[in-house]
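[1] Kindly generate the corresponding structure for this input.
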Amino acid sequence: MSPKRVLFLCTGNSCRSQMAEALLRDLVGESVVSASAGTAPKPVHPLAARVMSELGIDISRQDSKGVDAVLGQPWDFVITVCDRAKESCPIFPGKAEKAHWGFDDPAEAQGSEDDRLRVFRRVRDEILARLRLFVLAQRLGPDSATP
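    Below is the predicted model of the structure:
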């Protein structure tokens, strides 16, 4: 059985979608193909990389890519993680199940570095909690092949 393919879409593909891509990969390993893209991609945000490294996950070398790079690929799930991406999400042909998980944009956090890190950690943890539910509901883990 081929792995399920999950695409996370955001506007900048610099924080939320990058974290979701890596967190899902960390949760389920090779039983899922996890990817992300943005409608207006920007480089991976350094604070996103920093809070992910606190969990032992390195996203500093992940590439930010535009939606065009993933449009022609077959996806089982296309999940928007910000309202702007939801509004401008292109049509993905095929059987992709679409969902919207709205998370605050940590890149817009204001204040000191500690204040901004708190927002990045909160959003990271919210994404992780949502992904754990998603993995259970969709039976995406390595042991999901058993009924």
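[2] Please make it C-alpha for all contacts and neighbour counts, starting now.
    Noted.
[3] For the residue positioned nearest the centre of the chain, give me the pLDDT.
    Most central in the chain under CA atoms, centre = their mean is residue 20, positioned 2.6 Å from the mean C-alpha point. With respect to pLDDT, residue 20 scores 98.
[4] That one - nearest residue in space that isn't next to it in sequence?
    Once flanking residues are discounted, residue 20 sits nearest to residue 127: 6.3 Å by CA to CA, 6 or more residues apart in numbering.
[5] just for this protein, where's the confidence low?
    84-94, 142-147 (pLDDT under 70).
[6] can we see that at 80?
    Within the chain, the segments meeting pLDDT under 80 span 1, 83-94, 141-147.
[7] ok, which stretches of it are strands?
    Taking DSSP state E as the criterion, the chain contains strands spanning 4-10, 32-38, 77-80, 97-100.
[8] what's the closest of the ones you listed to residue 47?
    strand 4-10 (16.7 Å; CA to CA).
[9] The closest one packs against which elements?
    On a contact count with 3 or more CA pairs under 8 Å, 6 or more residues apart in numbering; DSSP states H and E, strand 4-10 meets helix 16-28, strand 32-38, strand 77-80, helix 83-88.
[10] Could you rerun that using 10 Å?
    helix 16-28, strand 32-38, strand 77-80, helix 83-88, strand 97-100 (3 or more CA pairs under 10 Å, 6 or more residues apart in numbering; DSSP states H and E).
[11] wait, what's in contact with the nearest residue to residue 14 once chain neighbours are set aside?
    Using CA to CA, 6+ apart and skipping residues adjacent in sequence, the residue nearest residue 14 is residue 44, 4.1 Å away. Residue 44 sits next to 12-19, 59-65 when contact means CA atoms under 10 Å, 6 or more residues apart in numbering.
[12] cool, residue 30 as well?
    Counted by CA under 10 Å, 6+ apart, residue 30 has contacts 3-4, 24, 141-142.
[13] wait, which of those residues is closest to residue 79?
    Of all the contacts of residue 30, residue 79 sits closest to residue 24, with 12.2 Å by CA to CA.
[14] Counting by contacts, list what the helix ranked longest in the chain packs against.
    When the chain is parsed with DSSP state H, its longest helix is helix 113-138. When contacts are defined as 3+ CA pairs under 10 Å, 6+ apart, helix 113-138 packs onto helix 16-28, helix 46-53.
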